[in-house]
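Participant: let's see this in three dimensions:
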Amino acid sequence: TMQSRWMLAAAFGALMTAASPALALNEAVQTTAAPATEAPVARTGLGVKELAMMERVSDPRVSPDGRRILYAVRTTDWDGNKGVNALWLAEADGATPPRKLAISEGGVAGARWAPDGQAIYFMSSRGGSNQVWRADREGMAAAQVTTLPIDVSGFRIAEDGRSLILAVSVFTDCATLTCVKDRLAERAKSGLQAYDRLPLRVFDHWADGRRTHLFSQPLNGSGLAGGEARDLMPGLDADVAAGDGDFILSRDGKTLIYSTQKQGAGEPFTNNSDLYRVSLDGGAPVNLTEGNRGADGNPAFSPDGRRLAWLASPRENVGGDQAVVMIADASGANARQLTNWDRGPAGLTWRSDGRALYVTASDVGQNRLFEIDARTGVVKALTGDGAVNAFDEAAGVLAYAHDGFTAPTQVFVSRNGAEPRQATQHNAELTARLDLSEGEALAFAGWNDETTHGWVFKPASYVEGRKYPAVYLIHGGPKSPWTES
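Facilitator: Numbers count the residues shown, from 1 in each chain. Down below sits the predicted model:
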């Protein structure tokens, strides 16, 4: 994520500062000026503990009426060697300072407003396993919504508030979730795991043969689980990720669209994912993007429910391709390419009036938030320098998480296109005394004389005229640059 890249850059800078090097795109940095006398430095570099103890802001969520913003803050329990996740609430107009919600005790993640704005749904393992919980709109008290025998990894709330879509990892040959739980318990008794297909390992854990499926969970009048969760992908040898851009419910709550791959054992060797539509009443899933050999994902229904937008990469296994924005009828019919843009959009979502879409994209060393006209495809940048790593909009109020080289993430708010206002001040006292290098942009001729962009970082407490060793870092990717983040 953008936030983790800021953390990595800061940590690397702190370690390099201890040895007095300079991060640069030259073999060495040396000036011809006479050596200068060091003056006392009022500000300091960033230490490892200071970095670890900083508050990490993320995931802003605007209430349906546009008056409030939920956001997450991760802190560090240094002695306990663990992270602590909390939920905060800010007023969109800034009338009162942001406050930490009482429901944060016990851990909270993935918080979302109920469609009517009168409740907050979130995930927590405070009950022994990761389940969905529900709190009042003030975040004072919470009740457990789901009681599945295994963990829930993600959820969506239907517009009518009568059901949830849950992401749950299952063994596809298990008919019940209890079967999944029992098999996991049995495997835990052995240190052996057999593999007959890739991948063996997924990021930070070994693959155990489970697939993430989507379940429909009915809710009762109190907003709690009111029946058995039902697998909408029974027996399907496919994964659906639990992120915001991987599945979506139609506005009437009757249809689910998700992105997945169905190549079985051949899945690791292709990026060809497709969008599938399935009725919550049951039935076989329908492939909406079978004609495209590249990756299709990030489905998004328009606010009126009449149109479907998504991101599509044109070619299979071509990592340098930029995705385009596609738009079609809600059924997937009459699809057309909306954009022809030399940038890689992500985080596709509709503006609440249905006239435009939002995306983020890397752009000459920045990761900006953009607005795309839903009729013409004309693209407009909404932010300048720095990186937008998450955003949300409702009732004309846009909130986004923004960071840069010299400042960690804060939440900014803009109402009806007005100048954004910084809504949070986390880490203000610490950053005020830090001497963080402001990256200097440079450009040079690269392969085929195409312009290549880079950054130069001088060490903390840099002294003009002093010679420093240099480190030369090459990214190596065709379209995912190091941005000001």
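
Participant: give me the pLDDT value at residue 16.
Facilitator: Residue 16 carries a pLDDT score of 39 in this model.

Participant: kindly apply the preceding question to residue 11 instead.
Facilitator: Per-residue confidence (pLDDT) for residue 11: 42.

Participant: how about the one 10 residues further on?
Facilitator: With respect to pLDDT, residue 21 has a value of 33.

Participant: same question, the one 10 residues further on
Facilitator: Listed pLDDT for residue 31 reads 32.

Participant: again with residue 455
Facilitator: 92.

Participant: and for it, the neighbour number?
Facilitator: Residue 455 has 21 neighbouring residues, counting by other CB atoms under 10 Å. (Each C-beta comes from the backbone N, C-alpha and C, glycine too.)

Participant: how about the helices in the stretch 151-300 of the chain?
Facilitator: Assigned by DSSP state H, counting those that start in this stretch, the stretch 151-300 of the chain shows helices spanning 177-187.

Participant: low-confidence ranges, it, go.
Facilitator: Along the stretch 151-300 of the chain, the model assigns pLDDT under 70 to no residue.

Participant: cool, the stretch 351-485 of the chain as well?
Facilitator: Flagging of the stretch 351-485 of the chain using pLDDT under 70 yields the residue ranges 476-478.

Participant: which residue ranges form the strands in it?
Facilitator: Using DSSP state E, counting those that start in this stretch, the strands of the stretch 351-485 of the chain run over 356-363, 366-373, 379-381, 387-394, 397-404, 407-415, 421-422, 440-445, 451-456, 468-471.

Participant: kindly reformat these as TSV containing distance to residue 69.
Facilitator: Shown next, in TSV, are those (distance: least, CB to CB, whole Å):
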stretch	distance to residue 69
strand 356-363	16
strand 366-373	16
strand 379-381	22
strand 387-394	8
strand 397-404	5
strand 407-415	6
strand 421-422	11
strand 440-445	32
strand 451-456	31
strand 468-471	39
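
Participant: residue 188: which of these is closest?
Facilitator: Closest to residue 188 of the strands of the stretch 351-485 of the chain is strand 387-394 (CB to CB; 35.1 Å).

Participant: check which helices and strands the closest one sits against.
Facilitator: Applying 3 or more CB pairs under 8 Å, 6 or more residues apart in numbering; DSSP states H and E, we find strand 387-394 packed against helix 2-18, strand 56-62, strand 346-350, strand 356-363, strand 366-373, strand 397-404.

Participant: now the angle between strand 366-373 and that strand, please.
Facilitator: 30 degrees (axes from the mean of the first three to the mean of the last three CA atoms, to 10 degrees).

Participant: so what's residue 242 closest to, chain neighbours aside?
Facilitator: Once flanking residues are discounted, residue 242 sits nearest to residue 154: 2.7 Å by CB to CB, 6 or more residues apart in numbering.

Participant: ok, now how distant is the closest residue in space to residue 289 that isn't next to it in sequence from residue 256?
Facilitator: In this structure, residue 289 finds its nearest non-sequential neighbour in residue 296, 4.1 Å apart by CB to CB, 6+ apart. Residue 296 sits at a distance of 15 Å from residue 256 (criterion: CB to CB, to the nearest Å).

Participant: ditto for residue 170
Facilitator: The gap separating residue 170 from residue 256 is 17 Å, by CB to CB.

Participant: next one: residue 399
Facilitator: 27 Å.

Participant: I'd guessed residue 125 sits against residue 108; true?
Facilitator: No - in this structure, residue 125 is not within contact of residue 108 by CB atoms under 8 Å, at 10.0 Å.

Participant: ok, these two, which is more surrounded?
Facilitator: The residue with more neighbours, out of residue 125 and residue 108, is residue 108; 25 against 14, by other CB under 10 Å.

Participant: bridged to residue 372, which residues?
Facilitator: Taking DSSP bridges as the rule, residue 372 bridges to residue 357, residue 379.

Participant: for the residue nearest the centre of the chain, which non-adjacent residue is closest in space?
Facilitator: For the chain, the residue sitting closest to the mean C-alpha position, by CA atoms, centre = their mean, is residue 390 at 6.2 Å. Take residue 390 and drop its neighbours on the chain: the residue closest to it by CB to CB, 6+ apart is residue 401, 4.4 Å away.

Participant: and the one you found, what does it touch?
Facilitator: Applying CB atoms under 8 Å, 6 or more residues apart in numbering to residue 401 gives the contacts 3, 57-60, 71, 388-391, 409-412.

Participant: just put those residues in a markdown table and tack on distance to residue 319.
Facilitator: A markdown table is the format used below for these (distance: CB to CB, whole Å):
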| residue | distance to residue 319 |
| --- | --- |
| 3 | 23 |
| 57 | 31 |
| 58 | 27 |
| 59 | 27 |
| 60 | 30 |
| 71 | 32 |
| 388 | 23 |
| 389 | 21 |
| 390 | 24 |
| 391 | 25 |
| 409 | 27 |
| 410 | 32 |
| 411 | 32 |
| 412 | 32 |
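
Participant: most neighbours among those, which one is it?
Facilitator: Within those, neighbour counts (other CB under 10 Å) peak at residue 409, which reaches 31 neighbours.

Participant: unless I'm mixing things up, that one is touching residue 402, no?
Facilitator: Yes - if you go by CB under 8 Å, residue 409 and residue 402 touch, sitting 6.7 Å apart.

Participant: which residues do the two both contact?
Facilitator: residue 389.

Participant: quick one: contacts of stretch 123-130?
Facilitator: Contacts to stretch 123-130, defined as CB under 8 Å, 6+ apart, come from residues 106-110, 131-133, 142, 144, 148-155.

Participant: Produce a PyMOL select command limited to the buried residues of those residues.
Facilitator: A single PyMOL command selects the buried members of the contacts of stretch 123-130 (16 or more other CB atoms under 10 Å):
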select buried, resi 107+108+109+110+131+132+133+142+148+150+152+153+154+155
